[in-house]
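**Student:** Structure here, sequence nowhere to be found:
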């Protein structure tokens, strides 16, 4: 009976009840609130229980009069119990208290504080045991230098992991690209960072490698949601204008409901290059879920294909071979006839040529030249001298005046069937206004040389054209200067003779 009393008295100290109650309360609180780390709490409780078994063993050894062994076992149990309590307090502070006040320090910060507390606790207990801490520190300095030299790579990885988390270079859940490998960060440890790829592979990157080399964090932009720009590439023949392609594709993609495709920024289609006989386009869209890149690409690619098919725009392949096509005279004649009919139809709708005969229009149609302008091109510059006019067959253009202060004043918007530059072709006068393509524009261009033969064959045509030109000029002046009806008549009368003389002199009539 005396043996057990001695053992229990040595095992159960005055502070034991407080320690047991504290450990139980901390454990219950942690298990209730942090369900994801219950395993860690359970392991800590098992470690604490093992320490108490060692403490009980120290009491039994003390009862058998093995004083030194009992003291050794007891000190080990105290140090172990303290480590368990520090671990539980660390979990309470970093997993419950700090998050409750909206502070979420990196996991590695928790580990550092806990390890420092472990070392401090062990040094305190060793000092109670009678060890000289000064000699331990002096000796440990040399040992630390040797260990640091022999463990350079390991220490580099540890410090790299600390830096990655403290400066928020990457966070758990980020998608990163290292060389050709893309994956999601699932854990940042002391030595390495774990990245899971879409192929169900886990890649282990040493932290020092991430610190020394460049890597991309996908989908991250300050102040914006997480989304990553992707490109869908396709080729179209050069006989189709970029405006037709981009309009067909963008209208379809913007109206379609495609999973994981962001509405803002809106998808856009751009002409990237012209090479090997084809125009290469890219539809650029923003992916909202980095894990579903290939399925989303496939869905968007199908939408692009169907939109082009509906618009009658075939996909093209890069020209790799030489094709020989033998076309007979009948085929070439049919092509020429179809184009001539289109040109003749265009000329008949132009007011300037309203008084010309069918034969004259046919002769004129043969001399038309096709001209194409991209959106934003200046088709005609105010003050420039150019002896030709343009007839718009597709697209829109803006007519504007350049003001002395460098601004611009819109005069008119021209569409299909409109023409401009007639004064330059008929009189050689400088352009009175500038014209800019507000969309992609297709035109026919008619030079003075092409018109000169008809004018010389029928000089009376000059008088008829003069009447039309005067009407257009006075109409424009009326819009610009708000002329009344009487002033308009006076303008027509005063300008008619002068304009007719200029036309005849220009064409040598």
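**Tutor:** Received, thanks. All values derive from a computational prediction rather than experimental measurement.
**Student:** Could you report the pLDDT at the residue nearest to residue 92 when sequence neighbours are not counted?
**Tutor:** Closest residue to residue 92 apart from its sequence neighbours, by Cβ to Cβ, 6 or more residues apart in numbering: residue 26 at 6.0 Å. The way it works is simple: take the backbone N, C-alpha and C, and place the C-beta from them, glycine included. pLDDT, the model's per-residue confidence, is 85 for residue 26.
**Student:** Packing partners of the helix or strand encompassing residue 40?
**Tutor:** Element membership for residue 40 (DSSP states H and E) is helix 38-63. Counting by 3 or more Cβ pairs under 8 Å, 6 or more residues apart in numbering; DSSP states H and E, the packing neighbours recorded for helix 38-63 are helix 2-11, helix 16-33, helix 67-92.
**Student:** helix/strand/coil for residue 273?
**Tutor:** strand (DSSP: H, G, I helix; E, B strand; the rest coil).
**Student:** what about it, how many residues close to it?
**Tutor:** Counted with other Cβ atoms under 10 Å, residues neighbouring residue 273 total 10.
**Student:** Likewise for residue 393?
**Tutor:** Using other Cβ under 10 Å, the number of residues around residue 393 comes to 21.
**Student:** Test my guess that it contacts residue 443.
**Tutor:** Yes. Because the distance of 6.4 Å satisfies Cβ atoms under 8 Å, residue 393 is recorded as touching residue 443.
**Student:** List the buried residues in the helix holding residue 40.
**Tutor:** When burial is assessed from 16 or more other Cβ atoms under 10 Å, helix 38-63 yields the following buried residues: 41, 44-45, 48, 51-52, 54-63.
**Student:** what's the answer for stretch 214-223, then?
**Tutor:** Within stretch 214-223, the residues that qualify as buried by neighbour count (16+ other Cβ under 10 Å) are 215, 218-220.
**Student:** Between all of these, which two are separated the most?
**Tutor:** Looking at the buried residues of stretch 214-223 by Cβ to Cβ, the two members farthest from one another are 215 and 219, with 13.7 Å of separation.
**Student:** Against residue 432, how distant is residue 51?
**Tutor:** In this view, residue 51 and residue 432 are 99 Å apart by Cβ to Cβ, to the nearest Å.
**Student:** Extract the residue ranges of the stretch 1-150 of the chain that are flagged as low pLDDT.
**Tutor:** Applying pLDDT under 70 to the stretch 1-150 of the chain picks out residues 1-2, 105-108, 129-150.
**Student:** ah, wrong one, I meant the stretch 301-450 of the chain
**Tutor:** Across the stretch 301-450 of the chain (using pLDDT under 70), the flagged ranges come out as 318-333, 335.
**Student:** Do you have the helices of it handy? List them.
**Tutor:** 329-348, 358-365, 422-427, 448-457 (DSSP state H, counting those that start in this stretch).
**Student:** what's the angle from the last one to helix 358-365?
**Tutor:** Regarding helix 448-457 and helix 358-365, their directions subtend 160 degrees when assessed with axes from the mean of the first three to the mean of the last three Cα atoms, to 10 degrees.
**Student:** Could you list the buried residues of helix 448-457?
**Tutor:** Of the residues in helix 448-457, those scored as buried under the neighbour-count criterion (16+ other Cβ under 10 Å) are 448, 450-452, 454-455.
**Student:** Let me know the closest of those residues to residue 202.
**Tutor:** When the buried residues of helix 448-457 are compared for distance to residue 202 (Cβ to Cβ), residue 450 comes out closest, at 72.9 Å.
**Student:** out of the helices of the stretch 301-450 of the chain, deepest packed?
**Tutor:** Ranked by average neighbour count under the criterion mean count of other Cβ atoms under 10 Å, those are headed by helix 422-427 at a mean of 22.
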